[in-house]
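Asks: Can you look at this prediction? I've put the sequence above it.
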Amino acid sequence: MRGYDAVIGLEVHAQLLTDSKIFCSCRAASGLPPNTNTCPVCMGMPGTLPVLNRKVVELGMRLGLATNCSISRKSVFARKNYFYPDLPKGYQITQHRFPLCENGYLDIEVNGEARRVRILRIHMEEDAGKTIHEGRGPSSLVDFNRSGVPLLEIVSMPDITGTEEAVAYLRELRQILMYLGICDGNMEEGSFRCDANVSVRPAGTRVYGVRTELKNMNSFRNIQKALDFEIDRHIGILESGGAVEQETRLWNAAKGRTESMRSKEESHDYRYFPDPDLVPVEVDDVWISHVRDTLPELPSRVRQRLVERYGLPAYDAGVLTQTRELAEYFEECAKILDAPKEISNWIMTEVLRVLSEQGISIADFGVSPAGLAELIGLVRQGLISGSMAKEVFSEMVSSGRSAAGIVKEKGISQLSDEQELRDIARGIIEGNPNEAEKYRAGRTGLLGFFVGKLMAETEGKANPRLASRILKELLET
């Protein structure tokens, strides 16, 4: 990068999949009418007391163990003091000096190379409300439904040196959260959101440069573009003899640039102190062991197993492990039909296409693993062609019926009777003597001509591989 190294640290907020909020019994749900999911506790009314949701602690430990962190036997909630209209109490309950999880790491792969990103801490905190600015002219609205929704903040060390590495880390972390059942990973709705601290320094030096914080990035693509822009901006300032200012900047996706928001706060600006309304959280070895025993197989291990057990390419394994449910769908198919690569191809193309078009997850997909395995089996047996299978698949998606039933009803089974095909092939060769003579004289590319004729004669029902073999035998005798 023009003689400079980038230094990137990421702060991820993951909204937890709990039934209730972190300190009250209000639902931790989205999509409700504004300001209908609040109570005196999450609105910070005088005289109310927060009560910690035990499930939040357990989910935090699940992520900590999955990312190789040490679990603190005693952690403390603190008040982070600042004023903003969507923060009704005037402070946020979070963790500061004594977080739940510390000193972990996440191994990732970037362009075929293994990298390790250290995780400084994972702590629990409450979310703020939501300020709505668009379409209101000089005024804004505040929806407090989100106040008190539980979050985990995952803070990485500044180990990331490139934008591709940053995205790879975020993808892996998001995937782990989803596999653990902690977070739905929805970036557009803000369930998984990221802030980035970025600086540059002369290549080979160890002293950190002045950093800026980036916010308002709601997709992996925007995160990478924002980081690329900000790194180039820092280098441009330094090359022109200027000095980078420490500040918080917003990513403007429409303009493709970052824009200044405010000067960057330091820790002391928030006047942290232990929350006097909440006792320290104490975790014993028995609880930690119980959580560890309930962890599912993590995505990195699933990818490795798909490659080793089924002989799939690493690319296929990466696609199939996007979600735990998709990987399970593949393995259910593979238990029924020993054709892992064909199953993988169908899932990566036709199945994922339907999921994208319909905006659904594999859990809501209408074709069962047994149904897809049956369809692929019909192709392998030569009963239907690949193009026929796609037609049958579309009918299966829309009607929920079986592949065999659709094939039987529509009469679209592939013609694979060798004697019948041989008789048809003889007639085609006899009807095209000039082309047959040219083929025998060395123009073997004319085999495609004869196959096309045979497919037309059988209205596309002939098994093309069998037809090609029969024609070749007859032309060469």
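Replies: Received, thanks.
Asks: so what's residue 56 up against?
Replies: Residue 56 makes contact with 16, 18, 22, 124, 150, according to C-beta atoms under 8 Å, 6 or more residues apart in numbering. Placement of C-beta: from N, CA and C, glycine included.
Asks: Just give me the longest strand of this structure.
Replies: The residue-count maximum for a strand in the chain (DSSP state E) belongs to strand 113-126.
Asks: Can you name the element that comes right after that strand?
Replies: Next helix or strand after strand 113-126 toward the C-terminus (DSSP states H and E): strand 130-132.
Asks: Okay, now the sheet partners of that next one, with direction.
Replies: strand 141-143 (antiparallel) (DSSP bridges).
Asks: what is the mean pLDDT for stretch 91-98?
Replies: The average of the pLDDT scores along stretch 91-98 is 96.
Asks: Flag every buried residue along it.
Replies: 91-96, 98 (16 or more other C-beta atoms under 10 Å).
Asks: Kindly report the same for stretch 99-112.
Replies: 99-102, 104, 106, 108, 110.
Asks: from those, which two are the most distant?
Replies: Largest separation among the buried residues of stretch 99-112 by C-beta to C-beta: 100 and 110, giving 28.6 Å.
Asks: Would you format the buried residues of stretch 91-98 as TSV with distance to residue 335 included?
Replies: TSV is the format used below for those (distance: C-beta to C-beta, whole Å):
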residue	distance to residue 335
91	53
92	48
93	47
94	46
95	44
96	49
98	47
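Asks: out of those, who's nearest residue 294?
Replies: residue 95 (23.3 Å).
Asks: wait, that closest one sits on residue 102?
Replies: No: assessed by C-beta atoms under 8 Å, residue 95 is found out of contact with residue 102, at 10.6 Å.
Asks: Show me what the biggest helix by length in the chain is packed up against.
Replies: If you go by DSSP state H, the chain has its longest helix at helix 220-239. Here helix 220-239 touches strand 4-15, helix 163-179, strand 192-202, strand 212-217, strand 247-252, strand 257-263, going by 3 or more C-beta pairs under 8 Å, 6 or more residues apart in numbering; DSSP states H and E.
Asks: So, low pLDDT: which residues of the stretch 51-200 of the chain?
Replies: Counting by pLDDT under 70, the ranges of the stretch 51-200 of the chain that qualify are 135-137.
Asks: again, only using 90
Replies: Residue ranges of the stretch 51-200 of the chain with pLDDT under 90: 82-85, 111-112, 130-140, 188-190.
Asks: Please name the residues that touch residue 238.
Replies: Taking C-beta under 8 Å, 6+ apart as the test, what residue 238 contacts is 4, 200, 209, 244.
Asks: Grab the nearest non-local neighbour of the last one.
Replies: When you say that, I think you mean residue 244. What sits nearest to residue 244 in space, not counting adjacent residues and going by C-beta to C-beta, 6 or more residues apart in numbering, is residue 210, at 4.3 Å.
Asks: still on that earlier bit, output the helices and strands packed on helix 220-239 as JSON lines; include the columns distance to residue 67 and mean neighbour count.
Replies: Formatted as JSON lines, the helices and strands packed on helix 220-239 follow (distance: least, C-beta to C-beta, whole Å; neighbours: other C-beta atoms under 10 Å):
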{"stretch": "strand 4-15", "distance to residue 67": "11", "mean neighbour count": "21"}
{"stretch": "helix 163-179", "distance to residue 67": "7", "mean neighbour count": "22"}
{"stretch": "strand 192-202", "distance to residue 67": "15", "mean neighbour count": "21"}
{"stretch": "strand 212-217", "distance to residue 67": "21", "mean neighbour count": "20"}
{"stretch": "strand 247-252", "distance to residue 67": "26", "mean neighbour count": "18"}
{"stretch": "strand 257-263", "distance to residue 67": "29", "mean neighbour count": "14"}
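Asks: okay, those in TSV with distance to residue 80 next?
Replies: Listed next are the helices and strands packed on helix 220-239 as TSV, based on distance: least, C-beta to C-beta, whole Å:
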stretch	distance to residue 80
strand 4-15	13
helix 163-179	23
strand 192-202	15
strand 212-217	15
strand 247-252	15
strand 257-263	16
